[in-house]
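Enquirer: I would like to see how this sequence folds:
(4 chains)
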Protein chains: 4
Amino acid sequence: MSHRAGIVGFRGYSGDELVAILSRHSSVEPVLLEHRADSQDRPRPLGHRSPPRIPCTPDAVAAEKLDVVFLATPPEVSMDLTPWLLNAGAKVIDLSGAFRLRTVENYKLWYKEEHTQPALLEEAVYGLPEFYRHLVPGARLISNPGCYPTAANLALRPLVAAGVVDRSSGIVCDAKSGVSGAGRKPSLKTSYCEVTENFSAYSILDHRHVPEVLMNSELSEPEFSFTAHLLPLHRGILETIYLRTVNVTAAQDIIDIYQRFYKDSPFVRIYPAGQVPDLHAVQHTNFCDIGIKWNPITSQTVIVSTIDNLVKGAAGQAVQNMNLLLGFPESEALL
Amino acid sequence: MSHRAGIVGFRGYSGDELVAILSRHSSVEPVLLEHRADSQDRPRPLGHRSPPRIPCTPDAVAAEKLDVVFLATPPEVSMDLTPWLLNAGAKVIDLSGAFRLRTVENYKLWYKEEHTQPALLEEAVYGLPEFYRHLVPGARLISNPGCYPTAANLALRPLVAAGVVDRSSGIVCDAKSGVSGAGRKPSLKTSYCEVTENFSAYSILDHRHVPEVLMNSELSEPEFSFTAHLLPLHRGILETIYLRTVNVTAAQDIIDIYQRFYKDSPFVRIYPAGQVPDLHAVQHTNFCDIGIKWNPITSQTVIVSTIDNLVKGAAGQAVQNMNLLLGFPESEALL
Amino acid sequence: MSHRAGIVGFRGYSGDELVAILSRHSSVEPVLLEHRADSQDRPRPLGHRSPPRIPCTPDAVAAEKLDVVFLATPPEVSMDLTPWLLNAGAKVIDLSGAFRLRTVENYKLWYKEEHTQPALLEEAVYGLPEFYRHLVPGARLISNPGCYPTAANLALRPLVAAGVVDRSSGIVCDAKSGVSGAGRKPSLKTSYCEVTENFSAYSILDHRHVPEVLMNSELSEPEFSFTAHLLPLHRGILETIYLRTVNVTAAQDIIDIYQRFYKDSPFVRIYPAGQVPDLHAVQHTNFCDIGIKWNPITSQTVIVSTIDNLVKGAAGQAVQNMNLLLGFPESEALL
Amino acid sequence: MSHRAGIVGFRGYSGDELVAILSRHSSVEPVLLEHRADSQDRPRPLGHRSPPRIPCTPDAVAAEKLDVVFLATPPEVSMDLTPWLLNAGAKVIDLSGAFRLRTVENYKLWYKEEHTQPALLEEAVYGLPEFYRHLVPGARLISNPGCYPTAANLALRPLVAAGVVDRSSGIVCDAKSGVSGAGRKPSLKTSYCEVTENFSAYSILDHRHVPEVLMNSELSEPEFSFTAHLLPLHRGILETIYLRTVNVTAAQDIIDIYQRFYKDSPFVRIYPAGQVPDLHAVQHTNFCDIGIKWNPITSQTVIVSTIDNLVKGAAGQAVQNMNLLLGFPESEALL
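Expert: Predicted structure coming up:
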């Protein structure tokens, strides 16, 4: 084990997934950073071995010589911790929304609070490796993408870039997520009896993940309609994207665009024309699976894009970024 | 009990719901028509009283003096039974797709088989009371609407008729249904382990319910994109509909259009602007609940329309039609 | 509407069920007593009519002339409210555990706190109508039984009273409940992601409902082993009870004992020998369904007893008690 | 890859799990044996690589030089295939019940059909490694244990063998399983709408897994009461076992017995006294987790034993047996 990676927020769902993935890593050892002494832990068998646990303080982080620290924390906590972690010599991979947008104005507009680290906002690299793989190795601070934008951008950007999307008629992204996307903190909205046998829309047209899609797929707000929904299941995101194509004469044209775009990306899988993935295909994996259906008469196109929100939508993608950052194979511990 | 209503297909989910609703009706007694002796019944307590059960034959139906017969059967069975049931003097309310389209050509196109009763196809009244309430009382044969089209048409037609939909930019209907919509017959697709913790799209752009929406909301196929999805839950449909408005200056304009359209319809409920229903709001009820979100800058509009697929989407609407047909209050046994 | 019934705790699951049941009652109108102004209410359609809402104060209760008040509150709140509600002239039906045990010592032992109303503890009538129907009409304070004890006592007492249980070899009650039994307050234990695809045992051998079973079925603690489990579903309790019989020569003997015992009880249903109920048989009903399997060689006996924890295990039984208290038919609003 | 393992029944849930586990094995390559050309496969991304697929015939098996063949098939198919597979030089690990009991009489009694391979029944080694680890390496035919008996025997036998169980007062095993235990073949009982929000008991006192527990834990039928239940979830078994102890003076005594018994068994984990596992603790693992609660006054004891029915209860245990058979570390591909 040549490297050590700290995890703040290890009790949450993303943090828990980070611990599980890193425990399979051949060259990196996880270290738990105790930021807030909160809930009791779940029962464990005798002899159970957990990763080492240290306080989340500059001294402890420096003494432990952590190469990288993952922040699975709310944005305001990430803004507080990042400066001193960088000073202590650790690279930071932040899973919150704190550093995903490009301007403090935009942050305030969508997150409803002031950004306290404008210089770091500017410095941060948006860690969607399939688009920005070359920028990650040299970064100090990686902003890990949101779950919804990961599935949306991986589906949209190749087609937008290829010029085959009729942007004037609008693009609709109807997104559905499992409950773990809302985090582990108890709330009425995520209580079992409120969720089971239920399904609901939320953040209609104003979800804070919208600007992340716009800026990374080069779309404008009037062109893009997004609604989030809560699925009665633990993990997984499925987005159904509707658009009309231009300059496309066969479904295979679209498949070809994707295959070219992702020929060096091990975690994006494309389905044969007319076939689409479901959530079972991607749960507990770091894959983003994409399938399309195209109507040759009307050019109506439906794209289905699926990920596991805790893996490719959070912890898995964060480890993918760590691998690039530290020079390991991109898929180490992820296949 | 002045009237008697036969039910063919009483072992299916819609048939079961019909029995439950009719058992609460003040003036109609259910009679089970045994069409195929199939599966064993579930355990029942001692002293349990079921509705009377008779063979599904012309003699038995005539002898029992049934006023109306509900067909909760596949389309091909409905086409077989309807002629002799009408001859035996019963009105027929068919819950299948056999008589929902207007031409044999259209039927063949979407149902992939020949229609064997073209005269009855022409005669049938499409039993969506909120649109065709006046046509039901005089009919012999009512074609009960499909579950998806019920939620879509009730949401779309008032706006299309009012001329506030920008049809050129297209309308997207992203529809999600619980598993009971697929019927009670065991299949791999509806097996517990395939559905739980899963979510999937199906019949993308080519669901046989599409023409039912087009013809009743006065839309053309290129204007309307529809995809069905399977939710991991028992009952309920939620449709998220995306469109852009014209001639709308406030969300309340849209609310007003709905409220005027449905002022005499007890089963359509409209939500305050910006609020939308979830499935818990409508399960086990005959309501269709509709809410909207409207963006004043872009005119992007999202409509959420929800029903219980077994009630307003099947058995409840069928009883609503029966009430109109036999002269009972429209909401008898349904509130 | 000749009578008015107050409900404290109407936002919880039992309170919500009480409102729903009373809304179907021919002679009683529900009134919501606002005890703590807490959570926002869920979205409602335009025109939605809720029951009247008044403050939960002596003046308001007296002014409204409430005949009866239901307390769907924690035990300590019930102990606070009951004295002044009785003084204000209302009968009280308490759904908490505050008044279910017979001595303050026993209360302290199982509820881990002092009982503040020992005189009322003595006065309260245990409202299990199938056993104590004759005591309810004259009572001021009804203690509504716990959910687990309702299913256990209805299954056990007839056999114990008939002398057919081999008490020396012990009785095991393995109880499983849906999540709504834990109430509506958010907690990690009842969060969706912790419950779905999970199943767990809790309160093993020391659940506070144990003494309620012992005292009403005339058993001693060493004779009775009880473990509660959390099912990944909304509502319903199924208890699997294991015992050995004496003086039984056929399964039908056991069936006969139950049928005699419950011949005047409309809400207990017995299954034919060898058949048992599942949760679907009782959800959304006030029934307790009981079935048995008996081994003629070993006298091993398994009893399956099921209820809906929110109906027969809480709100339904409370209304059953109210009906007896106010002189209405026992099953009014409950069938 | 020095070895090759065939899988018959690779489309079922256990077979699917076998493929997944073997794909992680460092020294064994899975080969799919096509026994019946049945259902279509699920959609797969472009470039997806499946294991090689060959016909399930003596020639093909011999030509492929399979070291071992897993049978994830019904008992009657296993009885048909085993003789010629052994003749073709493959070791056989059978996951069905065909070879678990010791006599043809017992087989007929519990499986309701004749055993066609009595010599093989006698030869087969019961592959519960924690009890019979020494017998596996020399065997030709391994009978992989049933899912329920695995959890029951691992919990019961150490205590029975230590003489601390009061057998005269009886042992109750209340067992609950997820739906995948019933296999992948569609049936009404395992249809989504029948299972969700439901819970039911089945095979009360007469489950065919009972004799497997009796013979491996050295109990007699009158001492042991067993009931199976169907949980609304995909995978996992939790058994709640009730007994009274003799010669035990502290809960730790019981813990000590387990820890001594399993000191060389990597897949049985014991919990601290008073703590018990839930299903989340074992899903997707080959562990059997065991916890106990003990009442010092009454000696009432509750044991909670949990496994993943598809892993330790089927495919994982089968690979554990294969590892022993072929001389690999017992936990290869399983941790």
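Enquirer: list the contacts for the residue lying farthest from the centre of chain A?
Expert: Distance from the centre of chain A peaks at residue A:297, with 35.5 Å (C-alpha atoms, centre = their mean). By C-beta atoms under 8 Å, 6 or more residues apart in numbering or on different chains, the residues touching residue A:297 are residue B:222. The C-beta positions use only the backbone N, C-alpha and C, and glycine is treated the same way.
Enquirer: try residue A:198
Expert: When contacts are counted by C-beta under 8 Å, 6+ apart, residue A:198 touches A:230, A:232, B:233, B:236, B:278-280.
Enquirer: At which residues are the strands of the stretch 151-300 of chain A located?
Expert: Secondary structure of the stretch 151-300 of chain A by DSSP state E, counting those that start in this stretch: the strands cover A:171-177, A:200-202, A:224-230, A:237-244, A:268-270, A:288-294, A:300-307.
Enquirer: Find the closest residue to chain C in the stretch 201-335 of chain A.
Expert: With C-beta to the nearest C-beta as the measure, residue A:234 is the residue of the stretch 201-335 of chain A nearest to chain C, at 5.2 Å.
Enquirer: I figured that residue hits residue C:194, correct?
Expert: No - the criterion here is C-beta atoms under 8 Å, and residue A:234 misses it with residue C:194 at 9.5 Å.
Enquirer: Look up which residues are beta-bridged to the nearest residue to residue A:159 once chain neighbours are set aside.
Expert: Excluding the flanking residues, the one nearest residue A:159 by C-beta to C-beta, 6 or more residues apart in numbering or on different chains is residue A:165, at 5.1 Å. Taking DSSP bridges as the rule, residue A:165 bridges to residue A:245.
Enquirer: And residue A:165, how far from residue A:151?
Expert: 17 Å (C-beta to C-beta, to the nearest Å).
Enquirer: the helices in chain A, which residues?
Expert: Assigned by DSSP state H, chain A shows helices spanning A:13-22, A:58-63, A:75-87, A:104-111, A:118-123, A:129-132, A:147-161, A:192-195, A:210-217, A:251-261, A:316-326.
Enquirer: Compute the inter-axis angle for the last one and helix A:13-22.
Expert: Read that as helix A:316-326. Interaxial angle of helix A:316-326 relative to helix A:13-22 (axes from the mean of the first three to the mean of the last three C-alpha atoms, to 10 degrees): 50 degrees.
Enquirer: related to what we said a few turns ago, ok, the residue of the stretch 201-335 of chain A closest to chain C - contacts?
Expert: A:178-180, B:197, C:192-193, C:196-197.
Enquirer: if you average pLDDT over stretch A:50-58, what comes out?
Expert: Averaged over stretch A:50-58, pLDDT sits at 94.
Enquirer: Name the residues of the stretch 1-150 of chain A found near chain D, please.
Expert: A:42-48 (C-beta under 8 Å from any C-beta of the partner chain).
Enquirer: Excluding chain neighbours, what is closest to residue A:133?
Expert: residue A:324 (6.4 Å).
Enquirer: Wondering if stretch A:255-273 reaches chain B at all.
Expert: No - Stretch A:255-273 is not in contact with chain B by C-beta under 8 Å from any C-beta; minimum separation 11.6 Å.
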